[in-house]
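Visitor: my questions concern the predicted model and sequence given below.
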Amino acid sequence: MMSRHTIPDTRRWVVKIGSALLTRDGQGLERGMLTPWVEQMAAHRAAGREIVLVSSGAVAEGMARMRWRARPKTLHELQAAAAIGQMGLIRAYEDCFQAHGLHTAQVLLTRDDLANRARYLNARSTLRTLLKLGVVPVINENDTVATDELRFGDNDTLAALVANLIEADLLILLTDQDGLFDQDPRRHPDARLISATRVNDPQLDVVAGGSVTGFGTGGMVTKVRAARLAARSGTPTIIAPGRGEAVLSRIGLGEPVGTLLIPCQEPQAARKQWLAGHLQVRGRLILDAGAVRALRDKGTSLLAVGVKGVQGAFNRGEVVACVDEAGQEVARGLVNYDAEDTNRIKGQSSARFESILGYLDDEELIHRDNLVLL
Ligand SMILES: Nc1ncnc2c1ncn2[C@@H]1O[C@H](COP(=O)(O)OP(=O)(O)O)[C@@H](O)[C@H]1O
Ligand SMILES: N[C@@H](CCC(=O)OP(=O)(O)O)C(=O)O
């Protein structure tokens, strides 16, 4: 099993710096704050590690520049603040990394970019190319265009999906606390730090609370969820204190910093991770009990004969959720027929597809290679 001892051998890191840490309670960015992190990341780069940075703080920096004291309420003001602040964020990182002879690249992503297969593959190749060129990508959500339904919302989720995208060896979430505690240390001064546990530890759902500062988003809830997402590519997560002395250097040495969340499954194939990380599905297929058993226990493809109902308007090749009769999601996958044709062939064996539809594309409704169990 992986442990702290294996961390020094990790090569590709995603480091996320959270809003709560960067904003200094709404005062905006201060370059001096970035200096130690950048210095340590540059040292890791020089030692052969690849680093992708996910940085929050655009909205807060935009607010500070416009001298807005309260977080704006309307979406367009928030998006304007993000656009203003992102300039400062990127400029600050560029200056700091340049001082170490390193180039940076700005990458702004929306949830849709990772949900669309072609754009996902493009983002992956671009990031890989940047890493090969020795550049440090600095990623944030593209807040200017992201609408509510299309948002990651918090950068923990974004960082985890980036870790999946590039199959990172380690995800580090730098925050304003020493790590994950058994209760929120802001409210309970006697809270105790959890040093390491597996991502499927049910205790995690009990202890992780939300964010209370008004600057961070999601708190520990989204960090635990991010660790579980990252685990799909076999990537362990460390939630660590951004203000801790030499925090990134110590993590690289395998020292017991923060909270280590350990994956407990074999890494999934990249295509399956993409499916599982898909935050939006186009439709739902309601399966009978036999089909649920076949998917879960036998790892088979989904056949139309086991489908009782079809919901949503989806096209061939889009992602749909497979739910049991109680509505619980069992799996998701890329469907081989559009919603209208799926409705016509549901409950039927593939031998009848041609007479019903006038053509036969695939015998399976979802092939097992394009299906991931949840
Ligand atoms: N069990 C817990 N352990 C540590 N912090 C917790 C816990 N539950 C809730 N929190 C809160 O999570 C906050 C960090 O999350 P957040 O504000 O979203 O930061 P960031 O911007 O770094 O993502 C902490 O300031 C803390 O108040
Ligand atoms: N994209 C937003 C950050 C979202 C956010 O606050 O996330 P987090 O750092 O996880 O609390 C920004 O740059 O302001």
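Guide: That came through, no problem. Residues are numbered from 1 along each chain as shown. Ligands and ions are numbered 1, 2, ... in the order given.
Visitor: need the contact list for the closest residue to ligand 1 within the stretch 201-350 of the chain.
Guide: Going by Cβ to the nearest ligand atom, ligand 1 is nearest to Gly216 of the stretch 201-350 of the chain, at 2.2 Å. No exception for glycine: its C-beta is placed from N, CA and C like everyone else's. By Cβ atoms under 8 Å, 6 or more residues apart in numbering, the contact set of Gly216 is Gly18, Ser19, Ala20, Ser56, Thr175, Asp176.
Visitor: I figured the first one hits Ala159, correct?
Guide: No: with contacts counted by Cβ atoms under 8 Å, Gly18 stays clear of Ala159, the gap being 9.4 Å.
Visitor: relative to ligand 1, which of the contacts of Gly216 is nearest.
Guide: Taking Cβ to the nearest ligand atom as the measure, ligand 1 sits nearest to Gly18 out of the contacts of Gly216, at 2.0 Å.
Visitor: Cys96 against Pro36, yeah?
Guide: No: proximity of Cys96 to Pro36 does not meet the contact threshold set by Cβ under 8 Å, at 9.8 Å.
Visitor: can you give me the helices in the stretch 151-300 of the chain?
Guide: Counting by DSSP state H, counting those that start in this stretch, one finds helices in the stretch 151-300 of the chain at the ranges 155-165, 203-207, 219-231, 247-252, 270-277, 289-293.
Visitor: picking up where we left off before, which non-adjacent residue is nearest the residue of the stretch 201-350 of the chain closest to ligand 1?
Guide: Excluding the flanking residues, the one nearest Gly216 by Cβ to Cβ, 6 or more residues apart in numbering is Ala20, at 3.4 Å.
Visitor: any idea which element Gly62 lies in?
Guide: For Gly62, the enclosing helix or strand under DSSP states H and E is helix 58-66.
Visitor: contact partners of that helix?
Guide: Contacts for helix 58-66 (Cβ under 8 Å, 6+ apart): 19, 22-23, 26-29, 69, 71-72, 78, 80-86, 88-89, 140, 143, 215.
Visitor: mind checking which of the residues you listed are buried?
Guide: 19, 22-23, 28-29, 72, 78, 80-86, 88-89, 140, 143, 215 (16 or more other Cβ atoms under 10 Å).
Visitor: next to ligand 2, which bits of the stretch 201-350 of the chain? Give me the list.
Guide: Proximity of the stretch 201-350 of the chain to ligand 2, by Cβ under 6 Å from any ligand atom, involves residues Gly216, Thr217, Gly218.
Visitor: how about CSV for those residues, with pLDDT added?
Guide: Output for these, formatted as CSV (pLDDT from 0 to 100):
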residue, pLDDT
Gly216, 70
Thr217, 74
Gly218, 80
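Visitor: how about the helix holding Gly62: buried residues?
Guide: So helix 58-66, judged by 16+ other Cβ under 10 Å, has buried residues Ala58, Val59, Ala60, Glu61, Gly62, Met63, Ala64.
Visitor: again with stretch 255-265
Guide: Result for stretch 255-265 [16+ other Cβ under 10 Å]: buried residues Val257, Gly258, Thr259, Leu260, Leu261, Ile262, Pro263.
Visitor: quote the end-to-end distance of that stretch.
Guide: Terminal residues of stretch 255-265 are spaced 24 Å apart (Cα to Cα, to the nearest Å).
Visitor: what distance do you get for the closest residue to Gln268 other than its chain neighbours to Lys272?
Guide: Distances taken as Cβ to Cβ, 6+ apart place Arg232 nearest to Gln268, at 5.2 Å, with adjacent residues excluded. Arg232 is 8 Å from Lys272, where distance means Cβ to Cβ, to the nearest Å.
Visitor: neighbour count for these two, which is higher?
Guide: Ranked by neighbour count (other Cβ atoms under 10 Å), Arg232 and Lys272 place Arg232 first, with 25 against 19.
Visitor: what's near enough to touch that one?
Guide: With Cβ under 8 Å, 6+ apart, Arg232 has these contacts: Asn164, Pro263, Gln265, Pro267, Gln268, Lys272, Gln273, Ala276, Gly277.
Visitor: Thr144 now?
Guide: Gln79, Ala82, Ala83, Leu108.
Visitor: please identify the helix or strand for the second one.
Guide: Taking DSSP H and E as the definition, Ala82 sits inside helix 75-98.
Visitor: is ligand 1 within reach of that helix?
Guide: No: counting by Cβ under 6 Å from any ligand atom, ligand 1 has no neighbours in helix 75-98; the shortest distance is 13.8 Å.
Visitor: please work out which residues outside the very next helix or strand once past that helix touch it.
Guide: Using DSSP H and E, the next helix or strand after helix 75-98 towards the C-terminus is strand 104-109. With contact meaning Cβ under 8 Å, 6+ apart, strand 104-109 is reached by 86, 90, 93-94, 97-98, 123, 126-127, 130, 135-142, 144, 152, 158, 162.
Visitor: filter the residues you listed down to the ones near ligand 2?
Guide: Asn140, Glu141.
Visitor: can you tell me which of the contacts of strand 104-109 are buried?
Guide: 86, 90, 93-94, 97, 123, 127, 130, 135-142, 152, 158, 162.
Visitor: the helix or strand containing Trp37 near ligand 1 at all?
Guide: For Trp37, the enclosing helix or strand under DSSP H and E is helix 31-46. No: with Cβ under 6 Å from any ligand atom as the criterion, ligand 1 is not reached by helix 31-46; the gap is at least 13.1 Å.
Visitor: who does the helix or strand following that helix pair up with?
Guide: Downstream of helix 31-46, the next assigned helix or strand under DSSP H and E is strand 50-55. Looking at strand 50-55 with DSSP bridges, its partner strands are strand 12-17 (parallel), strand 136-141 (parallel).
Visitor: in a markdown table: those, plus mean pLDDT.
Guide: A markdown table is the format used below for those (pLDDT from 0 to 100):
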| stretch | mean pLDDT |
| --- | --- |
| strand 12-17 | 97 |
| strand 136-141 | 97 |
